[in-house]
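Engineer: Provided below for reference: sequence and predicted model.
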Amino acid sequence: MTDTEAVLEQETLDLAPLYEILEKYKHEKGAVIPVLQQAQEIYGWLPAEVLQAVAKGMNVPLSQVYGVVTFYSQFYLTRRGRHIIRQCDGTACHVRGAARIIDTMEKELGIKAGETTPDYRVTYEVVYCLGSCGLAPVAMVDNNVVGHLVPERMLNIVRELD
């Protein structure tokens, strides 16, 4: 059994917190988005079992729930890592070396930008503005802004994550 299979085998989805959310919103028309947002906050992503429960609990077709999830980029249909790294590659960051950081991180993590490591430790994303151009190149590591990056510093940050 691979490490990834072992991780997946150990996890079972507890839908009890989702049922509490559904109970709160069951009579509110148009509440699919806030329900999905809260569900994703609980689970970190939206597995099929959650989408099915939301459709049933909100009394809407599964196709409608799926349509909402695939329309908005804030929702994730694949499991994400324990740590989320968003590397900016906007103009200021790009001209100050973000591409080198991205290349280095892809090699270190063994994944491409937009993917998650097989052990679900890190999801690495490239974004095109974090609004911190004065700190370029900049990234967000678990919602913490880290600026004036160079590849070596970013490597150290990632290696220190649990």
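Structural biologist: Noted; the coordinates are in hand.
Engineer: the helix or strand hosting E152 - contacts with which helices or strands?
Structural biologist: Secondary structure from DSSP states H and E places E152 in helix 151-159. Other elements packing on helix 151-159 under the criterion 3 or more Cβ pairs under 8 Å, 6 or more residues apart in numbering; DSSP states H and E are helix 98-109, strand 139-141. Placement of C-beta: from N, CA and C, glycine included.
Engineer: can you name the element that comes right after the last one?
Structural biologist: Think strand 139-141. Note on strand 139-141: by DSSP H and E, the next helix or strand toward the C-terminus is strand 144-146.
Engineer: what about that following strand, average pLDDT?
Structural biologist: Taken as a whole, strand 144-146 has a mean pLDDT of 97.
Engineer: and that strand, what's buried?
Structural biologist: Of all the residues in strand 144-146, those buried under the rule 16 or more other Cβ atoms under 10 Å are V146.
Engineer: and that strand, what does it pack onto?
Structural biologist: Using 3+ Cβ pairs under 8 Å, 6+ apart: strand 144-146 touches strand 139-141.
Engineer: paired strands for the strand it packs on, with orientation please.
Structural biologist: strand 83-88 (antiparallel), strand 144-146 (antiparallel) (DSSP bridges).
Engineer: checking the most far-flung residue of the chain relative to its centre next. Helix, strand or coil?
Structural biologist: Largest separation from the mean C-alpha position in the chain: H27, at 29.3 Å (Cα atoms, centre = their mean). Assigned with DSSP: H, G, I helix; E, B strand; the rest coil, H27 falls in the coil class.
Engineer: ok, H83 - contacts?
Structural biologist: Residues near H83 by Cβ atoms under 8 Å, 6 or more residues apart in numbering: R121, V122, T123, V141, D142, L161.
Engineer: partners of it in the sheet?
Structural biologist: V122.
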